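1. Next one to model:
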Amino acid sequence: MYYPRLKDLRDDKDMMQKEVAAYLGIDQRVYSNYETGKREIPTRFVVELAKLYGVSTDYILGLTNAIK
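-> Residues are numbered from 1 along each chain as shown. Alright, predicted model coming up:
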């Protein structure tokens, strides 16, 4: 499951949900639903978050523990 990784990555960058949501161009409540697993995150946002955090999409998706 990738939900915990979204929060951990955001916390590691000392960012708030509203900052990440603004980066993605969405409402903070929508992003919160991604972090809690209430909504599936679209692939395009996984790609954008990987760029923002400097990690691979596989890391975000939990397919690997290797960050890059």
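2. alpha carbons only for contacts and neighbour counts from here, please
-> OK.
3. Give me the three-state assignment for Val30.
-> helix (DSSP: H, G, I helix; E, B strand; the rest coil).
4. and it, how many neighbours?
-> Val30 has 15 neighbouring residues, counting by other C-alpha atoms under 10 Å.
5. Could I get the pLDDT score of it?
-> At Val30, the model reports a pLDDT of 98.
6. So it versus Glu19, what's the distance?
-> Distance of Val30 to Glu19, computed by C-alpha to C-alpha, to the nearest Å: 13 Å.
7. Before we move on, what's the pLDDT of Gly25?
-> pLDDT at Gly25 comes out at 98.
8. Residue most distant from the centroid, the chain?
-> Distance from the centre of the chain peaks at Ala66, with 16.0 Å (C-alpha atoms, centre = their mean).
9. Which of the three states applies to Arg44?
-> Going by three-state DSSP: Arg44 is helix.
10. Next, work out how far apart it and Thr57 are.
-> 10 Å.
11. between those two, who's got more neighbours?
-> Neighbours were counted for Arg44 and for Thr57 using other C-alpha under 10 Å; Thr57 has more, 20 against 10.
12. shouldn't that one be in contact with Ala50?
-> Yes - using C-alpha atoms under 8 Å, Thr57 is in contact with Ala50, at 5.5 Å.
13. Report the buried residues of the helix or strand encompassing Asp58.
-> Asp58 is part of helix 57-61 when elements are defined by DSSP states H and E. Using 16 or more other C-alpha atoms under 10 Å as the test for burial, helix 57-61 gives Thr57, Asp58, Tyr59, Ile60.
14. Could you measure from the nearest residue to Phe45 once chain neighbours are set aside over to Glu48?
-> Using C-alpha to C-alpha, 6 or more residues apart in numbering and skipping residues adjacent in sequence, the residue nearest Phe45 is Leu24, 6.9 Å away. Leu24 sits 7 Å away from Glu48, going by C-alpha to C-alpha.
15. and the two? which has more neighbours close in?
-> Comparing Leu24 with Glu48 by other C-alpha under 10 Å, the one with more neighbours is Leu24, at 17 against 14.
16. Disregarding residues adjacent in the polypeptide, which is nearest to Glu35?
-> Tyr3 (4.9 Å).
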